[in-house]
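J.: starting from these lines, generate the structure:
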Amino acid sequence: MDFATLIGLVGAMLVIGASIVLGASSQVFLNVPSIMIVIVGSLFVVMAKFSFGQFLGAFKAASRAFSFKLPDTEDLINEVIDIANVARKQGVLALEEKEVSSPFLKQGVQFLLESQPAETIEKLMQKERLLTLDRNRMGAKVFRAFADVGPAMGMIGTIVGLVQMLSNMEDPKAIGPAMAVALLTTLYGAILATMVASPLADKLELRMTEEARSQALIIDAIIGVQEGRNPRVIEQMLSSYLPPAKRDQNAEAQA
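T.: As a prediction, this is how the structure comes out:
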């Protein structure tokens, strides 16, 4: 589980919630018409921008941001080098019982077991990589749309509230609820965009980049194993995926 996403979102909510509770009655910050305009309205507007599959798929992609943590690059290199050593010393069939850390790597090992040509493996794995990249990119686009639409719906709610207030100036009891709609819709829109939608979109874009890099590393490793390269050569080739500082550190350790 990626605790940074969970802690960040929940922590921001707790800070705002605590400020509200300590400052005044929390009930004044709950307004059903404002929630309908901003939250429900934003859901429908964003849904109109995408297909049902793309809209619902974004929530599935977001759940991965909470539940799935990509392996560290160095750990992943060590894992694929271990696979290369087993394949070189014991044969590819020895990989049948090998436990791996990711479905994408498992798919690559399966291609090795099936003795698929290197060109076919690269073509199939690159296709899967592009599809994964596209799913993550679409998820980020949906939440980016929420970040754009939320404040706009808040502004619409503010105008609705002001119109209701100005049209009932002769009735003092109606001014308060209308003013609440005007102000709370702006607050809800800002919270939706700043504290929920934008962080999730940024996280999905970051995850998209990291996952694409990890999958490119796995493809290079699997192709290297299939072409019968020495594990030492594969390790040197994969070291380019490490940050420069870590690469220099490993080179000094091996010297």
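
J.: quickly find the element holding the residue nearest the centre of the chain.
T.: The centroid of the chain falls nearest to Leu204 when counting by C-alpha atoms, centre = their mean (2.4 Å). Secondary structure assigned from DSSP states H and E places Leu204 in helix 198-226.

J.: and that helix, what does it pack onto?
T.: Helices and strands touching helix 198-226, as assessed by 3 or more C-beta pairs under 8 Å, 6 or more residues apart in numbering; DSSP states H and E, comprise helix 3-23, helix 52-67, helix 73-90, helix 103-113, helix 118-166, helix 231-238. Yep, even glycine has a C-beta here, placed from its N, CA and C like the rest.

J.: can you redo the ones you listed as a markdown table with mean pLDDT, mean neighbour count and distance to Pro177?
T.: Formatted as a markdown table, the helices and strands packed on helix 198-226 follow (pLDDT from 0 to 100; neighbours: other C-beta atoms under 10 Å; distance: least, C-beta to C-beta, whole Å):
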| stretch | mean pLDDT | mean neighbour count | distance to Pro177 |
| --- | --- | --- | --- |
| helix 3-23 | 82 | 12 | 19 |
| helix 52-67 | 82 | 16 | 32 |
| helix 73-90 | 91 | 17 | 55 |
| helix 103-113 | 92 | 18 | 52 |
| helix 118-166 | 91 | 18 | 8 |
| helix 231-238 | 90 | 17 | 63 |
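
J.: which among those is found nearest to Phe44?
T.: The minimum distance between Phe44 and the helices and strands packed on helix 198-226 falls on helix 118-166, with 9.5 Å, by C-beta to C-beta.

J.: helix 52-67 and the closest one, what's the angle between them?
T.: Per axes from the mean of the first three to the mean of the last three C-alpha atoms, to 10 degrees, the angle that helix 118-166 makes with helix 52-67 is 100 degrees.

J.: could you give the angle of helix 118-166 to helix 198-226?
T.: Using the same axes, to 10 degrees: helix 118-166 against helix 198-226 is 180 degrees.

J.: from the chain's centroid, how far away is helix 118-166?
T.: Mean-position distance between helix 118-166 and its chain equals 11 Å (C-alpha atoms, centre = their mean, to the nearest Å).

J.: same check, this time on stretch 17-32
T.: 31 Å.

J.: touching stretch 172-191 from outside, list them.
T.: Stretch 172-191 is contacted by residues 16, 28-29, 31, 33-35, 37-39, 42, 150-162, 164-165, 168-169 when judged by C-beta atoms under 8 Å, 6 or more residues apart in numbering.
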